[in-house]
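Student: Sequence plus the predicted model coming up.
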Amino acid sequence: MDNISHNSSDNSVEYTKWMDKTLLGVSYAAIIDTELYKSPELDVQKGQQLQQQSRLVVVSGRTHSIVANVLDKGFGDRKADDQLRTLLDNAFKGRDDLNRVNDNLWRGFAVFTTNTDGNRFQQISRHIAKQSAQNKPSIWFMISGLRPYIWDSVPALMTIPAFKASVETSAQMLSPLGVDGIECLTETIDWKNELNEHNIHRAFIAAAVHHMAFMDAMRAVGVTPDGYLGSSLGELMCLYLDGLCDRRQFLAMCAAVRPPVSDGRPPVYGFLIGQSWPEIQRLCEGRRDIYPAEHMARNLCGIAGNEAPVRELHRVLRARGVEVRPVSREPDPFHTEYMFEPNIGAAL
């Protein structure tokens, strides 16, 4: 059965029975699908880009065979439509923690990928291990910066009471700053065509509210990290998690991200360069019209600034044979001293 979204009630009853049998002895199961993305490699024969999607299935159960059965014959190859989600929710409805066997559970996960013209997900990796309650696995959170999935996941996450309550709390704190946090979080932004210097601060606020609410939802279900890493905006979230700022201050910092057009500065242009951070610091030393902007990897960094000097430096570096990527207009001077409003201290 490749697709469970059938109209026949007999098929629905049949699948419900299969679900009940498969989940017998399972204490937890979840399906996490990523959004579709454009593959960077062209399909030469068809002359078009393939659409690919990934899926993560996580399961805990009483035996190795129970977990393996769910990963290999359960949900990995089935469409995660509303019917599957409802059946999965109903399968665990009425169960409480007292009826679950928490000691010596078997836990497993599997990663799947597929093309939209295919009928099934294909499993590309799987791991199952026995886990004792006395030996909790280490959990680390990786907190990202701006990502399109933030907006894609909001409708589903807002159905979780802890997530929704956190969003509402953040919105109340943002209101005195003249910002509608819920509107920022729920509006749709086309990342390729609409994200610009006029709305970048709204994207930051949306991501900040999302990150905060996701952390609160994790705590509500008893998941606390042993550590955390932050990238870009996620670094500010780490300040909050370390106790160096409170929720209001964290949100105020994100609200203080303002585009260059707000204070008369010219638009920001930039490019990535295949050199180390110390090397691009030397390129920008003593200058105010260009500056180091991103430290992506050991030999991949960014330079940003005013359009004319950025394009000139880009031309010079290309002539020297230095690996550089095309110049583009940026919505904000990310990761630089010019990223926030000059009076950010007053906001805190």
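Tutor: Arrived safely, thanks for sending.
Student: What ranges does the stretch 201-348 of the chain have for its strands?
Tutor: 227-230, 268-273, 290-297, 300-305, 328-330 (DSSP state E, counting those that start in this stretch).
Student: Point out the other helices and strands that the last one packs with.
Tutor: For strand 328-330, the contact count by 3 or more C-beta pairs under 8 Å, 6 or more residues apart in numbering; DSSP states H and E identifies strand 268-273 as packing neighbours. Heads up, the C-betas are built off the backbone N, CA and C, glycines and all.
Student: ditto for the third one
Tutor: For strand 290-297, the helices and strands in contact under the criterion 3+ C-beta pairs under 8 Å, 6+ apart are strand 268-273, helix 277-284, strand 300-305, helix 307-319.
Student: Save the ones you listed as CSV, and put in mean neighbour count too.
Tutor: Converted to CSV, the helices and strands packed on strand 290-297 look like this (neighbours: other C-beta atoms under 10 Å):
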stretch, mean neighbour count
strand 268-273, 22
helix 277-284, 16
strand 300-305, 22
helix 307-319, 15
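Student: could I get these as TSV with mean pLDDT and distance to Ala213?
Tutor: Shown next, in TSV, are these (pLDDT from 0 to 100; distance: least, C-beta to C-beta, whole Å):
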stretch	mean pLDDT	distance to Ala213
strand 268-273	90	30
helix 277-284	92	33
strand 300-305	90	30
helix 307-319	93	37
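Student: looking at those, which is closest to Thr336?
Tutor: Closest approach to Thr336 among these is made by strand 300-305 (6.6 Å; C-beta to C-beta).
Student: Out of the strands of the stretch 201-348 of the chain, which is closest to Asn199?
Tutor: Closest among the strands of the stretch 201-348 of the chain, using C-beta to C-beta: strand 328-330, at 13.4 Å.
Student: List the buried residues of the closest one.
Tutor: Glu330 (16 or more other C-beta atoms under 10 Å).
Student: Among the helices and strands packed on strand 290-297, which comes closest to Leu56?
Tutor: Going by C-beta to C-beta, the one of these nearest Leu56 is strand 300-305, 27.4 Å.
Student: buried sites along stretch 155-164?
Tutor: Leu157, Ile160, Ala162, Phe163, Lys164.
Student: Can you name the two of those that sit furthest apart?
Tutor: Leu157 and Ala162, at 9.8 Å, using C-beta to C-beta across the buried residues of stretch 155-164.
Student: where do the contact lists of the two overlap?
Tutor: Ala213, Ala217 (C-beta atoms under 8 Å, 6 or more residues apart in numbering).
Student: who touches Leu185 in this structure?
Tutor: Counted by C-beta under 8 Å, 6+ apart, Leu185 has contacts Trp151, Val154, Val167, Ile205, Ala206, Val209, His210.
Student: wait, I meant Cys301
Tutor: Leu272, Ile273, Gln275, Ser276, Trp277, Glu279, Ile280, Pro292, Ala293, Glu294, His295.
Student: could I get the strands of the stretch 201-348 of the chain as a markdown table with distance to Met253?
Tutor: What follows is the strands of the stretch 201-348 of the chain, written out as a markdown table (distance: least, C-beta to C-beta, whole Å):
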| stretch | distance to Met253 |
| --- | --- |
| strand 227-230 | 13 |
| strand 268-273 | 19 |
| strand 290-297 | 18 |
| strand 300-305 | 20 |
| strand 328-330 | 19 |
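Student: Figure out which of those is closest to Cys254.
Tutor: Among these, strand 227-230 sits nearest to Cys254 (C-beta to C-beta), with 13.1 Å.
Student: Give the buried residues for the closest one.
Tutor: Result for strand 227-230 [16+ other C-beta under 10 Å]: buried residues Tyr228, Gly230.
Student: what pairs with Arg329 across the strands?
Tutor: For Arg329, the beta-bridge partners are Tyr269 (DSSP bridges).
Student: contacting residues around it?
Tutor: Contacts of Arg329 (C-beta under 8 Å, 6+ apart): Pro267, Val268, Tyr269, Glu307.
Student: Equivalent analysis for Ile128, please.
Tutor: His64, Val67, Ala68, Leu71, Trp106, Arg107, Gly108.
Student: The second one and Gly222: what is the separation?
Tutor: So the one you mean is Val67. Distance, Val67 to Gly222, by C-beta to C-beta, to the nearest Å: 20 Å.
Student: of those two, who's got more company?
Tutor: Val67 (28 against 7; other C-beta atoms under 10 Å).
Student: check contacts around the more buried one.
Tutor: Val67 neighbours (C-beta under 8 Å, 6+ apart): Val26, Val59, Ser60, Gly61, Trp106, Arg107, Gly108, Ile128.
Student: check which helix or strand covers it.
Tutor: Of the helices and strands defined by DSSP states H and E, Val67 is found in helix 64-73.
Student: Would you mind listing the buried residues in that helix?
Tutor: Ile66, Val67, Ala68, Asn69, Val70, Leu71.
Student: Including distance to Ile32 and pLDDT, could those go into JSON lines?
Tutor: Shown next, in JSON lines, are these (distance: C-beta to C-beta, whole Å; pLDDT from 0 to 100):
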{"residue": "Ile66", "distance to Ile32": "20", "pLDDT": "85"}
{"residue": "Val67", "distance to Ile32": "16", "pLDDT": "88"}
{"residue": "Ala68", "distance to Ile32": "19", "pLDDT": "88"}
{"residue": "Asn69", "distance to Ile32": "19", "pLDDT": "84"}
{"residue": "Val70", "distance to Ile32": "14", "pLDDT": "83"}
{"residue": "Leu71", "distance to Ile32": "13", "pLDDT": "84"}
